[in-house]
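Okay, predicted coordinates and the sequence, questions at the end:
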Amino acid sequence: MKKIKLGILMDPIEAITIKKDSTFAMMLEAQARGWELHYILQSDMYVKEGVSYAKSQRVIVEDNAEQWFSYQGEQSELALHELDALLMRKDPPFNMEYIYSTYMLELAEQRGLLVVNRSDSIRSCNEKLFTAWFPEFTPETLVTADMQRIRDFHDEQERIVVKPLDGMGGAMIFQIQKGDANRNVILETITDYGRRTVMAQRFLPEYKQGDKRILIIDGEPFPHALARIPALGEGRANLAAGGSYKGVDLTDREFGICEKMAPVLREKGLMFVGLDVIGDYITEINVTSPTCIRELDTIYNVNIAGLLMDAIERKLLAH
């Protein structure tokens, strides 16, 4: 097989923390296979005469916290479809700029570029709302901007979690207890007085045992999850909110969930997915830039990025 040219659309490489950056793990693995790494920022892309282009910078990476990357040669212009594959690893916010990027990538896909994850699917599969496609595996859930409807839902469930549909890292997640005197101000804030659609879910007390991140590579789950444990006094288990973590084996229930989801994920070209599970229930399906490769690799002495690169090679060979 010819040398693969891999584009990596990501946040600025100089600002990443390599010990926990999944994109960096992917770059290390691709480089170890002899692939060319083409580093691209969101602002580097453009469309001209119906063709998507980017200013690309060849990069070499090294697992060294002092100096983890160096540029090779000058930045050059290329049509995106001249690459073999591209990793879409730009972190949210999922704003209009993000959506414009997916349009540009979709044009390149039409000319043969393999984008991981597929651009129309990361655009249409909101990481919170996509759980509604699998209601048998989710806790009681309501998506609405109507504050009264959320109040009624809270009265039924007694304790709920409300969160924005476009957040990440635990930002703007609120618990509302039974009889909570702050209920109205929380709902006014998070819905912007009924102008912003949000998600409300039944509170799952099992979060204290860990909010599990399950990585699914081309429909196949890695058999161990990263259980993120909330810090003392913290209502969120996200690592970005100060949580700790440990590795745990997937349960039969979790393997069953992944098996049921796999055909949908494959059909949508979602090759690398981070499933969030609390207790027996899915709470989010992360498709934009799922993380936790580095932590799981360290705990289990494995190479999860290698599994993804294997899957990408299979797709390219079959293309």
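Perfect, thanks for sending it.

going forward, measure contacts between C-alpha atoms and count neighbours the same way
OK.

pLDDT below threshold where in the stretch 151-300 of the chain?
169-170, 233-241 (pLDDT under 70).

Domain boundaries for the protein, per the record?
The chain breaks down by automatic domain parsing into domains covering 5-122+307-318, 140-203, 206-286.

Any idea which of those domains gets closest to Arg294?
domain 5-122+307-318 (5.3 Å; C-alpha to C-alpha).

Surely Val115 is in contact with Leu86?
Yes: Val115 lies in contact with Leu86 (C-alpha atoms under 8 Å); the separation is 4.9 Å.

wait, which of the domains of the chain is closest to Ala132?
For Ala132, the closest of the domains of the chain is domain 140-203, at 8.3 Å, according to C-alpha to C-alpha.

Distance check, the nearest residue to Ala85 once chain neighbours are set aside against Gly256.
Leaving aside its chain neighbours, Ala85 sits nearest to Leu114 (4.5 Å; criterion: C-alpha to C-alpha, 6 or more residues apart in numbering). Using C-alpha to C-alpha, to the nearest Å, Leu114 is found at 29 Å from Gly256.

Same drill for the two, tell me which one is more crowded.
Using other C-alpha atoms under 10 Å, the more surrounded residue of Leu114 and Gly256 is Leu114, with 26 against 13.

need the contact list for that one.
Shown in contact with Leu114 (C-alpha atoms under 8 Å, 6 or more residues apart in numbering): Asp84, Ala85, Leu86, Leu316.

do Trp35 as well
Applying C-alpha under 8 Å, 6+ apart to Trp35 gives the contacts Lys3, Ile4, Lys5, Leu6.

Can you pick out the ones from these that are in strands?
Those of the contacts of Trp35 mapping onto strands are Lys5, Leu6, per DSSP state E.

Please compute how far stretch 168-180 lies from its chain's middle.
Offset of stretch 168-180 from its chain centre (C-alpha atoms, centre = their mean, to the nearest Å): 21 Å.

about what we covered before: neighbour-wise, which of the contacts of Trp35 leads?
Greatest neighbour count in the contacts of Trp35, by other C-alpha under 10 Å, goes to Leu6: 23 neighbours.

Let me see the contact set for it.
Applying C-alpha under 8 Å, 6+ apart, the residues near Leu6 are Ala30, Trp35, Glu36, Leu37, His38, Leu83, Asp84, Ala85, Leu86, Leu87.

if we can go back for a sec, the residue nearest to Ala85 and Glu82: what is the separation?
Taken as C-alpha to C-alpha, the span from Leu114 to Glu82 is 11 Å.

And Gln175, by the same measure?
Distance from Gln175 to Glu82, by C-alpha to C-alpha: 48 Å.

same deal with Lys128?
Applying C-alpha to C-alpha to Lys128 and Glu82 gives a distance of 34 Å.

Pick out whichever of Gln175 and Glu82 has more residues nearby.
Neighbours were counted for Gln175 and for Glu82 using other C-alpha under 10 Å; Gln175 has more, 19 against 15.

sorry, back to before: confidence score at the residue nearest to Ala85?
Note on Leu114: pLDDT of 98.

Against Leu80, how distant is it?
In terms of C-alpha to C-alpha, Leu114 sits 10 Å off from Leu80.

Also Asn95?
Taking C-alpha to C-alpha, one finds Asn95 at 22 Å from Leu80.

Name the residue in the two with the higher neighbour count.
Under the criterion of other C-alpha under 10 Å, the comparison of Asn95 against Leu80 puts Leu80 first, with 27 against 9.

The more buried one contacts Ala54, doesn't it?
Yes: between Leu80 and Ala54 there is a contact at 6.5 Å, judged by C-alpha under 8 Å.

Pick the most deeply packed of the domains of the chain.
domain 206-286 (a mean of 19; mean count of other C-alpha atoms under 10 Å).

first to last residue in that one, what's the distance?
One end of domain 206-286 to the other measures 20 Å (C-alpha to C-alpha).

Work out the gap between that domain and the centre of the chain.
11 Å.

Identify the single longest strand in the protein, thanks.
strand 51-61.

how much space is there between the residue lying closest to Gly243 once chain neighbours are set aside and Gly306?
Nearest non-adjacent residue to Gly243, counting by C-alpha to C-alpha, 6+ apart: Pro230, 4.5 Å away. Distance of Pro230 to Gly306, computed by C-alpha to C-alpha: 30 Å.

how about the strands of the stretch 151-300 of the chain, start to end?
160-164, 174-176, 198-202, 211-217, 220-221, 224-229, 244-249, 272-278, 281-286 (DSSP state E, counting those that start in this stretch).

do you know which of those strands lies nearest Asp146?
strand 198-202 (9.1 Å).

Name all residues that make contact with Gly34.
Per C-alpha under 8 Å, 6+ apart, neighbours of Gly34: Lys3, Ile4.

meant to ask about Ser119, not that
Contact partners of Ser119, counting by C-alpha under 8 Å, 6+ apart, are Thr102, Tyr103, Leu105, Glu106.

Looking at per-residue confidence, what score does it get?
pLDDT at Ser119 comes out at 98.
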